[in-house]
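**Q** Quick one, what's the 3D model for this:
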Amino acid sequence: MAGNAIELTDASFESEVLAADVPVLVDFWAEWCQPCRALSPTIEQLADQYRGKVKVGKLNIDQNNDTAVRYSVSAIPTVLLFKSGEVVDRFVGMKAKRDYEAALNHLVPTA
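**A** Numbering: from 1, shown residues only. Model (predicted):
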């Protein structure tokens with residue numbers, strides 16, 4: 001995976017997301033999902049833009065179904081924002097970069 005976004009798995013989810021000391025944006029996606037692929041550059045831009053302030057990760061639901069089920073991800077792309085191990089925001093479907101930025105800026109006002 002290129003860029004600053006990290007690849008998340010069922011096995012790494014707890015340590016990388018739930019135990020993170022910064023807010024975490026998680027993109028639930030699949031290779032066959034065209035909207036997911038269209039969203040990918042935006043996710044990478046956010047990873048660069050918020051580097052050091054927010055962790056940005058991508059979780060392939062075909063390879064990591066347990067986590068997708070745990071968070072009731074029934075449509076993709078779905079982007080969840082976590083803070084202190086809790087979901088604080090949910091985006092389903094394609095959204096504009098400014099929508100994610102507004103939510104992230106609420107979590108990290110100095111961004």
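**Q** What segments of the chain are helices?
**A** Shown for the chain, the helices assigned by DSSP state H span residues 13, 34-49, 65-70, 97-107.
**Q** Looking at those, which one is packed in the most?
**A** Among the helices of the chain, helix 13 has the highest mean neighbour count (mean count of other CB atoms under 10 Å), at a mean of 21. Quick note: C-beta positions are derived from backbone N, CA and C, even for glycine.
**Q** Other residues contacting that helix?
**A** Residues outside helix 13 that contact it (CB atoms under 8 Å, 6 or more residues apart in numbering) are 59, 64, 67.
**Q** what residues does stretch 56-76 touch?
**A** Contacts for stretch 56-76 (CB under 8 Å, 6+ apart): 1, 4-10, 13, 16-17, 24-33, 35-36, 40, 43, 46-47, 50, 80, 87, 92-93.
**Q** Those, buried ones only, as a ChimeraX selection?
**A** Applied in ChimeraX, the following selects the buried portion of the contacts of stretch 56-76 according to 16 or more other CB atoms under 10 Å:
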select :4,5,6,8,13,16,17,24,25,26,27,28,29,33,36,40,43,46,47,50,80
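**Q** Spit out the contact partners of Thr42.
**A** 97, 100.
**Q** just Cys36 next, same as before
**A** Counting by CB under 8 Å, 6+ apart, Cys36 has contacts 27, 29-30, 76-77.
**Q** Just give me the closest of those residues to Val108.
**A** Proximity of those to Val108, judged by CB to CB, is greatest for Asp27, which lies at 17.7 Å.
**Q** is the closest one in a bridge, and if so with what?
**A** Counting by DSSP bridges, Asp27 is bridged to Lys58, Val79.
**Q** I'd like to know how far it sits from Asp99.
**A** Distance, Asp27 to Asp99, using CB to CB, to the nearest Å: 13 Å.
**Q** circling back to that earlier point, format the helices of the chain as TSV; extra columns: mean pLDDT and distance to Lys55.
**A** Formatted as TSV, the helices of the chain follow (pLDDT from 0 to 100; distance: least, CB to CB, whole Å):
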stretch	mean pLDDT	distance to Lys55
helix 13	98	12
helix 34-49	96	9
helix 65-70	97	15
helix 97-107	95	11
